[in-house]
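1. Let's see this in three dimensions:
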Amino acid sequence: MSAALLIEQLLNGLQLGVMLFLIAAGLTLIFGVMGLINLAHGSLYMIGAFACAAVAAATGSFWLGLAASLAAAAAAGALMEIAIIRRLYERDHLDQVLATFALILILSEGTRWLFGSFPLYLDIPPILQGAVPLPGGGQYQLYRLAIIGVGIVVAVGLYLLISRTRLGMRIRAGESDREMIAALGVDIRTLYTVVFALGAALAGLAGAMVGALQSVQVGMGEPALILAFVVIVIGGIGSIKGALVGAILVGVVDTMGRFLLPKLLALTMPASQANLVGAALASMLIYIVMALILALRPRGLFAGQA
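-> Have a look, this model is predicted:
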């Protein structure tokens with residue numbers, strides 16, 4: 001196992017973590033401010049991917065598609081919040097789960113009706129094609145490095161938004177005492193819509209960028225949603241810092257587990273059997289890590305922190 005291959009897998013884990021952060025950051029904001037369990041968040045990720053693929057195919061520009069993914073996901077999120085989610089804030093979590101699960105089915109079938117059952121494909125923009133050299137003689141895809149860079153920029157932007165702006169002050173206050181800020185004259189409905197649209201736009205951005213690495217298809221949001229819930233449970237509900245740390249931890253542990261476990265097991269058993277056992281153990285690894293963290297920190301690593 002070469003150093004270049006190990007670095008490549010670490011970067012793959014970081015790239016996966018960045019994607020999970022973009023999804024989980026919106027999800028944790030929505031739950032932290034509104035107390036809402038939104039199972040349809042993965043569908044917003046899917047909407048962003050389809051919007052990007054459709055606009056890029058029509059215009060030939062990936063960048064216009066990327067802008068369309070942000071606009072489409074944010075608009076879908078705002079419409080969803082105004083038309084449906086707003087009626088669920090005072091209901092219990094079971095009602096929220098059932099309603100947002102119904103939204104998954106509606107949005108999935110609506111997307112299938114619009115775009116068909118066959119997957120769509122996005123081309124990596126020419127400026128981001130190619131690879132960069134790694135220490136040890138390997139190469140790494142430039143587009144994946146760009147995704148990592150975008151994730152870092154978004155993380156810094158979210159930190160500044162939450163900690164340094166008036167909107168961020170209202171979001172933090174909404175997490176602590178929504179009744180009080182409503183009594184002080186803040187339009188809580190507008191705040192909820194803005195937060196929901198922001199979270200939706202981040203999910204749509206993630207979907208658009210991942211769409212150039214894999215096919216864009218109906219149902220692509222549900223696997224990502226499961227991992228995003230793991231991230232916010234590990235990081236602490238309502239914490240952007242926790243979402244970032246949890247996402248990178250999940251991304252690196254999952255990627256390195258799938259890479260290293262079969263190789264380590266091959267030292268003690270036949271290679272074919274090691275691959276099967278290693279793949280099975282790797283799929284459980286992030287949930288084992290989550291259980292260990294919750295045993296030590298039941299509210300997550302950064303619960304109660306912005």
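2. Show me the helices in the stretch 151-300 of the chain, by range?
-> 166-176, 178-183, 188-211, 221-235, 240-265, 271-296 (DSSP state H, counting those that start in this stretch).
3. how about CSV for the ones you listed, with distance to Tyr89 and mean neighbour count added?
-> Every C-beta, even on glycine, is put in place using the N, C-alpha and C of the backbone. What follows is the helices of the stretch 151-300 of the chain, written out as CSV (distance: least, C-beta to C-beta, whole Å; neighbours: other C-beta atoms under 10 Å):
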stretch, distance to Tyr89, mean neighbour count
helix 166-176, 12, 17
helix 178-183, 9, 14
helix 188-211, 8, 25
helix 221-235, 19, 22
helix 240-265, 22, 21
helix 271-296, 27, 14
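4. which one of these lies closest to Glu90?
-> helix 178-183 (11.5 Å; C-beta to C-beta).
5. contacting residues for Gly236?
-> 242, 246, 297, 299-305 (C-beta atoms under 8 Å, 6 or more residues apart in numbering).
6. Taking these together, which two end up most distant?
-> The farthest-apart pair in the contacts of Gly236, when distances are taken by C-beta to C-beta, is Gly246 and Gly304, at 14.6 Å.
7. now, among the contacts of Gly236, which is nearest to Leu105?
-> Looking across those and measuring by C-beta to C-beta, the closest to Leu105 is Gly246, at 28.1 Å.
8. which one is that closest one nearest to, not counting chain neighbours?
-> Gly235 (3.2 Å; C-beta to C-beta, 6 or more residues apart in numbering).
9. which stretches of the stretch 51-200 of the chain have low pLDDT?
-> Along the stretch 51-200 of the chain, segments meeting pLDDT under 70 span 174-178, 182, 184.
10. picking that back up, is it true that the residue nearest to Gly246 touches Ala247?
-> Yes - the pair Gly235 / Ala247 is scored as a contact, 7.5 Å apart, by C-beta atoms under 8 Å.
11. what's the overlap in contacts for those two?
-> Common neighbours of Gly235 and Ala247 (C-beta under 8 Å, 6+ apart) are Ala24.
12. how close does Val245 sit to Ile293?
-> Distance, Val245 to Ile293, using C-beta to C-beta, to the nearest Å: 11 Å.
13. any residues in contact with both of those two?
-> In contact with both Val245 and Ile293: 234, 301, using C-beta under 8 Å, 6+ apart.
14. Tell me which of the helices of the stretch 151-300 of the chain sits nearest to Ser2.
-> helix 240-265 (12.4 Å).
15. okay, the angle between the closest one and helix 221-235?
-> Here helix 240-265 points in a direction 110 degrees away from that of helix 221-235 (axes from the mean of the first three to the mean of the last three C-alpha atoms, to 10 degrees).
16. for the record, mean pLDDT for helix 240-265?
-> Regarding helix 240-265, the rounded mean pLDDT is 88.
17. check contacts around Ala266.
-> 274-275, 278.
18. what do you get for Ala295?
-> Ala295 neighbours (C-beta under 8 Å, 6+ apart): none.
19. Let's see if you can find the most crowded of the contacts of Gly236.
-> Gly246 (30 neighbours; other C-beta atoms under 10 Å).
20. I'd guessed that residue sits against Gly300; true?
-> Yes - with contact defined as C-beta under 8 Å, Gly246 counts as touching Gly300 (7.5 Å).
21. Overlap in contacts, these two.
-> With C-beta under 8 Å, 6+ apart, Gly246 and Gly300 have common neighbours 232-236.
22. Tabulate those (TSV), appending distance to Leu11 and pLDDT.
-> Shown next, in TSV, are those (distance: C-beta to C-beta, whole Å; pLDDT from 0 to 100):
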residue	distance to Leu11	pLDDT
Ile232	24	90
Val233	25	89
Ile234	21	91
Gly235	21	88
Gly236	26	85
